[in-house]
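S.K.: model the structure of this input:
(2 chains)
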Amino acid sequence: MIRPFLCIAASLIITAGLSWSTSTASEDLIIPEQVLEAQQERIDAIARASECTVAVFSAGKAGGGGSGVVISADGFALTNFHVSKPCGDHMKCSMNDGQLYDAVIVGIDPTGDVALIKLLGRDDFPYAEIADSDKVQVGDWCFAVGNPFLLATNFEPTVTYGIVSGVHRYQYPAGTLLEYADCIQTDAAINPGNSGGPLFNAKGQLIGINGRGSFEKRGRVNVGVGYAISINQIMHFLGHLHSGRIVDHATLGANVATDEDGGVVVTNILESSDAYRRGLRYGDHIVAFGGRSIETVNGLKNALGIFPKGWRVPLSYVRDGERFETFVRLAGVHGSDELIQKVQQGNIAPPAPHPDKPNDGENPEDAEPEDRKPAPRLLPGGLSLKQPVPKAIKGVFESRRGYSNYYFNRQNQNRVWQAHQSTGDFEANKAIWKLNGKTAQQGPAEITLDDEQTLARMATNEGNTEMLLDMSANLEQQLQPTGSGGMLVALHLWRYMLTHGPSRFGEVYYLGKAPWPGQEKPADVLVGTHDAVEAWFYFNATSGQLVGMEMYPDIGVDPCELSFREYKDVDGRELPFEIEVRYGDQTYGILQLDDYQLTAKVKEDA
Amino acid sequence: MPLPRQSSTGPCVVLTLALVLFAVTELSAQTTLPSVISDVQPKMVKIYGAGGIRGLESYQSGFLISEEGHILTAWSYVLDTDYVTAVLDDGRKFKAETVGADPRSDIAVLKIDIQGAPHFSLPDASSVGQTGDRVLAFSNLYGIAAGNEPSSVLHGHISAKTDLKARKGVFETTYNGPVYVLDAMTNNAGAAGGALTDFQGNLLGMLGKELLNSQTNTWLNFALPITDLKPRVDDILAGRVRRDEAAQRPRPADHHSLQRLGIVLIPNVLVKTPPFVEKIDTGSPAASQGLQPDDLVLFVGPNMVQSRNEMIEELSYIDRLDAVKLTVLRDQELIEFELISQD
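M.R.: Numbers count the residues shown, from 1 in each chain, chains lettered A, B, ... in the order given. Next up, the predicted model:
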């Protein structure tokens, strides 16, 4: 009889214990609504972020890989160049839907350590919402999602939470590659394998791509310092990355140093640089660049590091107390062959350690950087063994020198040209164009454009003149009228591109997206070479309309720029009725056109 | 701030709710981490000095503790030079003088020539962090920031409050005393001397040096509680461990000297050759008390000696009939000796 009693007693005690603990729980754990809401927001943000994060694995037998993030429904995804490189032309990407997707390389930015890849097989991928990373503040909560230590073989990404520890950080390149300019520093754990993965703000919006940490002597694990490439920088390069090219970063062509009074002073400048042609000289103080005020050398390196080669960026400088404002065309950090060679080299070495010394010496902007920071290490990827290329990849990959994947360049050439064709079919009728109008101030203008002749009668600074292009001679030496930089050649190439199309213009490639004055969004750019003259054609990325072109008769000289405005319909084709001609810092003139005559070609023997 | 969308059913309720929310967000807006951090950043100092060889970084962190430019930092080899540079948050660069140091608590106080500096007020004993408290660690770890770039900020918690016991072969540290153990990777290269605050930006402690537990091969992240450092800082500021008053002290006619104690220091090759023992004369007072070659003399009596010359001078103020107290550093351990002259 004792046993049942004991049992009852025991169960009583248990019940008592349970009810006691339940009552305290309900009394003590009144969780404020706001806390629950904040918790739910965090859960939702992490859930959304996890959906669009990918684990990148080498398609080969050997290990290697990292992380990435999908940024469009059709599967374009960002990762690090140092992750994509060991994978080669294609890779495998897993998502947390439990699927493994084939992915192909699109464009690479070796200097900025960014690669654009495309996941295949769906047109409804979950993708990340892009934030404005310039609004990120130190102390903001943020989280990294990814594949640290390649743990995501179960398709579940790892989430690490932290705060933003620093913004606008500058981390030195390894030689000239893998420079982290203007990057975001975080204490969210960034470990090997997180490379290429997303850094999100607390709302789950994409603010950067993780890729680097300060590791030092503690081995290659997180020590509380990770760096993410800012998403704003990547957005500047995204158009270029879509081109399937090996994309380059920019240089001003000048060395700068911190002045004694704290400013940034030009200590050397290449006479062949655009900055020099725009008036920048030795001893000038750079005070603003790319819309940012510049106070330090690192500030300038940060501002410069976020723009692609070839963009035109506003520059302000002060000389003798007077402030000058101009736009500078940015030259590449590398020669084109140099960059290709560097990309083809085997492993990418992490930056060599810099010896410590105080940072009060000269700091050349694009020569050897100031030696104050220990070298951060890149998160390792790995080498892979080649395997047969999957069928899905074969259709979307085309190898060509200078390109990471020429397939995407061709696609974009076609896209841009087809969008432009919607403004009129100029190719069908290779007409002779007769333009009648007047120059803004000086008088009448009459221009004839044809394959065989280009003729202009117009009032210029030198009075009424008649100009003729000799089509059999070198175009780059016929830059009339004087002071225009080659208006006639530019007009000739303009018509030639429109009537012959990219396929018969000469060698044409899709550059990507670049700003054009007066255009809200960067324009699609086709670059073509015809008769040894290079011309850049800027198309409105939405309407397909040609908004401008630049004609470069040579390397290291200013182009003749044409801005096309006031488009009107001419026989079912849209043509500009105002053309502004600019050369250097000046507007040469504005052509106001009254009419176009597009006459079908008359054979000479007819 | 976006207000909640009004519904047609109860605009009044929604409006009230909106007001409440507004008040709440307004309150929290004042104490968001970014605003707390931007208030602390101007008090942080980047310190550059000796080092730069054999993996010894030539930089560390510190923070301002007075309007007149007193800076609290870690006592380290970085300060072993006449040219210590302090760079403020706004990029201004100053030459920093060492006011004094207390190697026992691993701190040094520097001074720059400035007025009206933003600074932490050294808190009283009530400012104590508790285990589990959320904390921010400000420092220039890895020397990431330069010029006018702000220090780095890490976040974490106080995992434990405990005493750090230097143990030979395990924790090679000169500091013996209370610490906050942290769960964030705060104690990196260059982080020593950084500030530990709570999430409101109140000063809780000073980040310690890098410390490896050589048994487990793990790095300890810790800070020294400011309440324990304050009396030491006060001592330094009050001149109780200050050397520059020495000049006014009377010099006894018959005083101690290195020779009489039987100590031979390394040759005077630098402006500030550290007082390292090269040799101990056999049968001397130093030998009988157990001083050894390679000992580094830190203190003569209560006064810190940073060079060979300072030690010689300091000995000259002690009457030969009095005992000489020496504090030396041997294998990361502080050892005290009392030497009596033999006659």
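S.K.: quick check: mean pLDDT of stretch A:301-316?
M.R.: For stretch A:301-316, mean pLDDT is 95.
S.K.: start to end distance for it?
M.R.: 15 Å (Cα to Cα, to the nearest Å).
S.K.: what is the burial count for the closest residue to A:P173 other than its chain neighbours?
M.R.: The spatially closest residue to A:P173, leaving aside those adjacent along the chain, is A:E179, at 3.5 Å (Cβ to Cβ, 6 or more residues apart in numbering or on different chains). C-beta here means a position set from N, CA and C on the backbone, and glycine is covered the same way. Using other Cβ atoms under 10 Å in any protein chain shown, A:E179 is surrounded by 24 other residues.
S.K.: and the pLDDT for residue 54?
M.R.: No chain was given, so I picked chain A. 95.
S.K.: switch to chain B, that's the one I care about
M.R.: Note for B:R54: predicted pLDDT of 68.
S.K.: the one 10 residues further on too?
M.R.: Confidence per residue is given as pLDDT, and for B:L64 that number is 97.
S.K.: quick check: phi and psi at it.
M.R.: In terms of degrees, to the nearest 10, the main-chain angles of B:L64 are phi -80, psi 140.
S.K.: count of residues packed around the residue lying closest to it once chain neighbours are set aside?
M.R.: For B:L64, ignoring the flanking residues on the chain, the nearest one in space by Cβ to Cβ, 6+ apart is B:H119 at 3.9 Å. B:H119 has 20 neighbours, counted by other Cβ under 10 Å.
S.K.: go ahead and confirm B:H119 touches B:I65.
M.R.: Yes: contact criterion Cβ atoms under 8 Å: B:H119 and B:I65 qualify, at 5.5 Å.
S.K.: what number of residues lie near whichever residue of the stretch 501-606 of chain A sits closest to chain B?
M.R.: Closest contact between the stretch 501-606 of chain A and chain B, by Cβ to the nearest Cβ, is at A:E520 (25.6 Å). The number of residues packed near A:E520 is 9, by other Cβ under 10 Å.
S.K.: for the helix or strand A:C93 falls within, which outside residues touch it?
M.R.: Here A:C93 sits within strand A:90-94, counting by DSSP states H and E. With Cβ atoms under 8 Å, 6 or more residues apart in numbering or on different chains as the test, strand A:90-94 has contacts from A:54-59, A:65, A:68, A:77, A:84, A:100-105, A:117, A:119, A:152-153, A:155, A:389-390, A:393, A:397.
S.K.: ranges for the helices of the chain?
M.R.: No chain in the question, so chain A it is. Per DSSP state H, chain A carries helices over the ranges A:2-28, A:33-52, A:81-87, A:231-241, A:274-277, A:297-305, A:336-344, A:391-394, A:406-421, A:487-505.
S.K.: please go with chain B instead
M.R.: B:11-30, B:33-40, B:226-237, B:258-261, B:285-289, B:308-315.
S.K.: so where is chain A shaky, pLDDT-wise?
M.R.: Within chain A, the stretches with pLDDT under 70 are A:1-27, A:61-63, A:215-220, A:346-387, A:429, A:441-442, A:601-606.
S.K.: let me fix that, I meant to ask about the stretch 51-200 of chain B.
M.R.: Along the stretch 51-200 of chain B, segments meeting pLDDT under 70 span B:54, B:125-126, B:166-170.
S.K.: what does it have sitting close to chain A?
M.R.: Within reach of chain A by Cβ under 8 Å from any Cβ of the partner chain, the stretch 51-200 of chain B has these residues: B:51-52, B:55, B:57-59, B:85, B:91, B:93, B:141-150, B:152-155, B:184-186, B:188-189.
S.K.: try it again at 7 Å.
M.R.: Contacts of the stretch 51-200 of chain B with chain A, taken as Cβ under 7 Å from any Cβ of the partner chain, map to B:51-52, B:55, B:57-58, B:85, B:91, B:141-150, B:152-155, B:184-186, B:188-189.
S.K.: buried among those? Make that a ChimeraX selection.
M.R.: Command for ChimeraX that selects the buried part of these, burial taken from 16 or more other Cβ atoms under 10 Å in any protein chain shown:
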select /B:51,52,57,58,85,141,142,143,144,145,146,147,148,149,150,152,153,154,155,184,185,186,188,189
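S.K.: quick one on the thing from earlier: which of the helices of chain B has the lowest mean pLDDT?
M.R.: For the helices of chain B, mean pLDDT drops lowest on helix B:11-30, to a mean of 42.
S.K.: next, count neighbours for residue 46.
M.R.: You didn't pick a chain, so chain A it is. Look at A:I46: counted by other Cβ under 10 Å, it has 18 neighbours.
S.K.: let's do chain B instead
M.R.: 29.
S.K.: that one contacts B:V87, doesn't it?
M.R.: Yes: contact criterion Cβ atoms under 7 Å: B:K46 and B:V87 qualify, at 4.3 Å.
S.K.: do you know how far the residue nearest to A:P173 is from chain B?
M.R.: Going from A:E179 to chain B by Cβ to the nearest Cβ, to the nearest Å gives 15 Å.
S.K.: tell me the phi and psi of that residue?
M.R.: phi -90, psi 130.
S.K.: I figured it hits A:R169, correct?
M.R.: No: using Cβ under 7 Å as the test, A:E179 is too far from A:R169 to be in contact (11.8 Å).
S.K.: can you give me the strands for the stretch 151-300 of chain A?
M.R.: Under the criterion DSSP state E, counting those that start in this stretch, the stretch 151-300 of chain A contains strands at A:158-171, A:180-186, A:198-201, A:206-213, A:226-230, A:250-251, A:254-258, A:264-269, A:285-289, A:292-293.
S.K.: and whichever residue of the stretch 101-250 of chain B sits closest to chain A, what does it touch?
M.R.: Closest to chain A within the stretch 101-250 of chain B is B:M185: 3.0 Å, counting by Cβ to the nearest Cβ. By Cβ atoms under 7 Å, 6 or more residues apart in numbering or on different chains, the contact set of B:M185 is A:222-224, B:154, B:221.
S.K.: what would the strands of the stretch 151-300 of chain A look like in JSON lines with mean neighbour count?
M.R.: Formatted as JSON lines, these follow (neighbours: other Cβ atoms under 10 Å in any protein chain shown):
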{"stretch": "strand A:158-171", "mean neighbour count": "23"}
{"stretch": "strand A:180-186", "mean neighbour count": "28"}
{"stretch": "strand A:198-201", "mean neighbour count": "30"}
{"stretch": "strand A:206-213", "mean neighbour count": "29"}
{"stretch": "strand A:226-230", "mean neighbour count": "29"}
{"stretch": "strand A:250-251", "mean neighbour count": "21"}
{"stretch": "strand A:254-258", "mean neighbour count": "22"}
{"stretch": "strand A:264-269", "mean neighbour count": "20"}
{"stretch": "strand A:285-289", "mean neighbour count": "20"}
{"stretch": "strand A:292-293", "mean neighbour count": "14"}
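S.K.: from A:A490, how far off is the residue lying closest to A:M471 once chain neighbours are set aside?
M.R.: Spatial nearest neighbour of A:M471, chain neighbours left out: A:E452 (6.2 Å); criterion: Cβ to Cβ, 6+ apart. Distance of A:E452 to A:A490, computed by Cβ to Cβ, to the nearest Å: 18 Å.
S.K.: who has more neighbours, these two?
M.R.: Counted by other Cβ under 10 Å, A:E452 and A:A490 do not tie: A:A490 has more neighbours, with 25 against 10.
S.K.: got the domain boundaries for the chain?
M.R.: The chain I'm using is chain A. A:48-247, A:250-378, A:409-599 (automatic domain parsing).
S.K.: you answered for a different chain; I wanted chain B.
M.R.: B:32-241, B:246-339.
S.K.: tell me which of those is the most buried.
M.R.: For the domains of chain B, the largest average neighbour count (mean count of other Cβ atoms under 10 Å in any protein chain shown) is found in domain B:32-241, namely a mean of 20.
S.K.: in the chain, which residue is most central in space?
M.R.: In the absence of a named chain, chain A is used. For chain A, A:F237 is the residue whose C-alpha lies nearest the centre (Cα atoms, centre = their mean; 0.2 Å).
S.K.: please go with chain B instead
M.R.: Chain B has B:A74 as the residue nearest its centroid, 2.3 Å off, counting by Cα atoms, centre = their mean.
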